[in-house]
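A.B. asks: just need the structure, nothing else, for what follows:
(one chain, ligands or ions: 1)
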Amino acid sequence: MSSPSRFLAACRSQPVACTPVWLMRQAGRALPEYRALRDHFSFLQLCKTPELAAEATLLPVRALKVDAAILFFDILLPLEALGLRLDFTPAPVLEAPVRTAQAIAALRTPRVAGDLPFLAQSVRMAKGVLGHTPLIGFCGAPLTLACYLVEGGSSANFPHALRMMREEPALWDALLNKLTDLAIDTLAVQAAAGAQALQIFDTWAQLLDPEEYRIRVLPHTRRLVEAVRGSVPVLFFLRGGAPLWLRECGADVVSVDESVTLAQARRASGGKAVQGNLAPELLKRPIKELERHVRRVLAENEDAPGHIFNLGHGVPPDTPVENLRFVVDCVHRLGAGKIHPQGQGMNP
Ligand code: CP3
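C.D. replies: Purely as a prediction, here's the structure:
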């Protein structure tokens, strides 16, 4: 059994006897139990039916013994509160892209509690089934939401969103203001319903160079973090380099991908708690090799308090589930003691 609060203690940089671990996108298609649920229900049905969302939230805790649960939900669902229609195929598809001043002006003022009534209910039901395991609520960062909104769905490099950012800065600013309000409301609803930590996903930060992010995006990100920080820790996931922003984003925990080591993240953030770094593709390697990488990530934390073990991005759907279990076990066996990357580690 996981101890009740090692995840929350690590978020606050307090020492823990055992390094906590959870995995981004832990509730997805890599789990046979999830695929079985999907045989009966669509993704949107799962998200919008609180009993099912609570069940999907609990699955990875039961199957993998992770130390935290993340609500079964999606960063894009709150776009419905702006009056937009959304589908998943499983890639997200919006009814129409939002690219003009008129389209931005036509976005409704969001009232997430009323527009997505299932959200608070899912948080409460998930908490009911989780017992002592802490629940993470989440949202997409303004930039990442804007990428999908302007593109009208998924893309490899979101050219329309980047064009708006570079060529129509006033329009971009108006859009990011609305999306920041939406993200604040989304997190506030989850925190009020009982989420014990909040993660902000900035998956597409990697498309921008550091100066662009600082000028066009960071003021919005900071407003979001400042509005929700306080009673619960805020984790900020930034995909792509530029550790430069980690100090400035204002979050309690910085979550990095494989391009930034935990030691670099801790230094760049001015000593915040850190999370992430294990490249998702490594999950598919032979167990011995995977173990070496788990040891490496633990060693790169340099024994500092405030480490939450996680991936650099989400679990790939074709990951063998036994490798996910192995990572969680391995972190629990080896974490928070003295780690030697060559494999002769001492257990705490
Ligand atoms: O385990 C969990 O983390 C469950 C909750 C969760 C989902 N999406 C459920 C989901 C979380 C935290 C997300 C975050 C999310 N969604 C992000 C940020 C993190 C990241 O991965 O970069 C983004 C960019 C999205 C948008 C999104 N949702 C895409 C691009 C897709 C399609 C591709 C894919 O990953 O499947 C989704 C669909 C989605 N969201 C699924 C799940 C379980 C798969 C739906 C299915 O079962 O068919």
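A.B. asks: does residue 246 touch residue 273 like I think?
C.D. replies: No - contact criterion Cβ atoms under 8 Å: residue 246 and residue 273 do not qualify, at 11.3 Å. Using the backbone N, CA and C atoms, a C-beta is placed for each residue, glycine as well.
A.B. asks: mutual contacts of those two, please.
C.D. replies: Counting by Cβ atoms under 8 Å, 6 or more residues apart in numbering, the residues touching both residue 246 and residue 273 are residue 254.
A.B. asks: I'd guessed residue 71 sits against residue 190; true?
C.D. replies: Yes - look at residue 71 against residue 190 with Cβ under 8 Å: they come within range, at 6.8 Å.
A.B. asks: with neighbour numbers in mind, choose between those two.
C.D. replies: Between residue 71 and residue 190, counted using other Cβ atoms under 10 Å, residue 190 has the larger neighbour count: 27 against 24.
A.B. asks: tell me if I'm right that that one and residue 78 touch.
C.D. replies: No - the pair residue 190 / residue 78 is not scored as a contact, 10.5 Å apart, by Cβ under 8 Å.
A.B. asks: list phi and psi for residue 303.
C.D. replies: Phi and psi for residue 303, reported as degrees, to the nearest 10, are phi 60, psi 20.
A.B. asks: residues contacting the closest residue to residue 72 other than its chain neighbours?
C.D. replies: Among residues not flanking residue 72 along the chain, residue 56 sits closest, at 3.8 Å (Cβ to Cβ, 6 or more residues apart in numbering). Counting by Cβ under 8 Å, 6+ apart, residue 56 touches 27, 34, 37, 46, 72.
A.B. asks: residue 147 too?
C.D. replies: Taking Cβ under 8 Å, 6+ apart, one finds 155, 158, 161, 204, 207 in contact with residue 147.
A.B. asks: any idea how far it lies from residue 121?
C.D. replies: The gap separating residue 147 from residue 121 is 29 Å, by Cβ to Cβ, to the nearest Å.
A.B. asks: of the contacts of residue 56, which is the nearest to residue 180?
C.D. replies: Ranked by distance to residue 180 (Cβ to Cβ), the contacts of residue 56 are led by residue 72 at 24.2 Å.
A.B. asks: ok, how many other residues are close to that closest one?
C.D. replies: The burial count for residue 72: 24, using other Cβ under 10 Å.
A.B. asks: swap in residue 157?
C.D. replies: Quick note: residue 157 (other Cβ under 10 Å) scores 11 neighbours.
A.B. asks: same question, the one 10 residues further on
C.D. replies: Taking other Cβ under 10 Å as the criterion, the count of residues near residue 167 is 9.
A.B. asks: swap in residue 230?
C.D. replies: Quick note: residue 230 (other Cβ under 10 Å) scores 9 neighbours.
A.B. asks: what of residue 153?
C.D. replies: For residue 153, using other Cβ under 10 Å, the count is 18.
A.B. asks: any idea whether the residue nearest to it when sequence neighbours are not counted is helix, strand or coil?
C.D. replies: Distances taken as Cβ to Cβ, 6+ apart put residue 93 closest to residue 153, at 4.5 Å, once the chain neighbours are dropped. Following DSSP: H, G, I helix; E, B strand; the rest coil, we place residue 93 in the strand state.
A.B. asks: perfect, I'm done here.
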